[in-house]
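Asker: pasting the sequence and the predicted coordinates here, then a few questions.
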Amino acid sequence: MKIQVKFNVTEICNNLLEEKLKVLGYPFKLGTYGEVEITQSLSDKEKQEMMAILNSSGMSVVNDQQTIVIQKVKAIIEDLIKHEPTAVKLNISEFLKEKLPYSYTYLSRIFSESMHISIEKFVILKKIDYVKELLIEHNLSLTEIAHQLNYSSVAHLSKQFKNTTGFSPSTFIKLKKQIKNNA
């Protein structure tokens with residue numbers, strides 16, 4: 001028997017993190033965007049033990065402030081697109097300035113330097129990834145998706161989809177169906 005499984009990576013990671021921290025027995029609070037607050041002081045040995053357990057699970061503690069900020073920007077954008085699609089219409093620079101205590105100029109510079117892509121292009125890539133998910137897994141029409149994600153028109157969504165993926169949305173759906181039928 002074959003089944004296809006869809007993963008919610010954020011939920012899986014949070015569950016794994018929580019499981020590993022519970023094993024260690026340190027009191028903690030899970031925050032947003034990958035933040036964890038250990039609510040007691042840890043010795044150097046305990047910190048090393050925690051790092052070893054997290055590393056063995058494919059997780060690592062990030063110490064570089066710029067990397068932390070970039071991870072937060074990415075998480076905020078992904079969360080915005082998937083959970084507050086009507087807010088996508090907002091100016092992304094204003095939205096990030098509301099969520100993070102940094103200027104958009106600073107965020108844009110460190111994001112581009114690290115990711116080799118602008119924040120605006122990243123937003124488009126994440127929106128198109130979500131459009132693909134909505135087309136395939138939720139069987140929504142392009143009109144419904146354009147409305148949900150605040151595109152000015154279906155034509156604008158289709159053009160952005162084709163520019164990003166190389167396929168029109170209808171060609172993409174046909175290819176996915178062919179792959180599914182041949183599996």
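Answerer: Looks like it came in fine.

Asker: any stretches of this protein with poor pLDDT?
Answerer: 85-90, 183 (pLDDT under 70).

Asker: where along it do the strands fall?
Answerer: Secondary structure of the chain (DSSP state E): strands at 28-30, 36-38.

Asker: out of the ones you listed, which is closest to residue 76?
Answerer: strand 28-30 (16.6 Å; C-beta to C-beta). To be clear about C-beta, it is placed using only N, CA and C from the backbone, and glycine gets the same treatment.

Asker: other SSEs contacting that closest one?
Answerer: For strand 28-30, the packing partners by 3 or more C-beta pairs under 8 Å, 6 or more residues apart in numbering; DSSP states H and E come out as helix 9-24, strand 36-38.

Asker: with mean neighbour count and distance to residue 173 added, can I get these in JSON lines?
Answerer: Output for those, formatted as JSON lines (neighbours: other C-beta atoms under 10 Å; distance: least, C-beta to C-beta, whole Å):
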{"stretch": "helix 9-24", "mean neighbour count": "13", "distance to residue 173": "24"}
{"stretch": "strand 36-38", "mean neighbour count": "14", "distance to residue 173": "40"}
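
Asker: residue 128: which of those is closest?
Answerer: helix 9-24 (17.6 Å).

Asker: residues contacting that closest one, please?
Answerer: By C-beta atoms under 8 Å, 6 or more residues apart in numbering, the list of residues contacting helix 9-24 from outside reads 28, 30, 36, 38, 46, 49-50, 53-54, 57, 59.

Asker: next one: stretch 48-59
Answerer: Stretch 48-59 is contacted by residues 13, 16-17, 20-21, 23-24, 26, 38, 42, 60-61 when judged by C-beta under 8 Å, 6+ apart.

Asker: how about the helices and strands packed on strand 28-30 in a markdown table, adding distance to residue 155?
Answerer: Shown next, in a markdown table, are the helices and strands packed on strand 28-30 (distance: least, C-beta to C-beta, whole Å):
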| stretch | distance to residue 155 |
| --- | --- |
| helix 9-24 | 32 |
| strand 36-38 | 44 |
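
Asker: could you point out which of the ones you listed sits nearest residue 84?
Answerer: Nearest of the helices and strands packed on strand 28-30 (C-beta to C-beta): helix 9-24, 15.0 Å.
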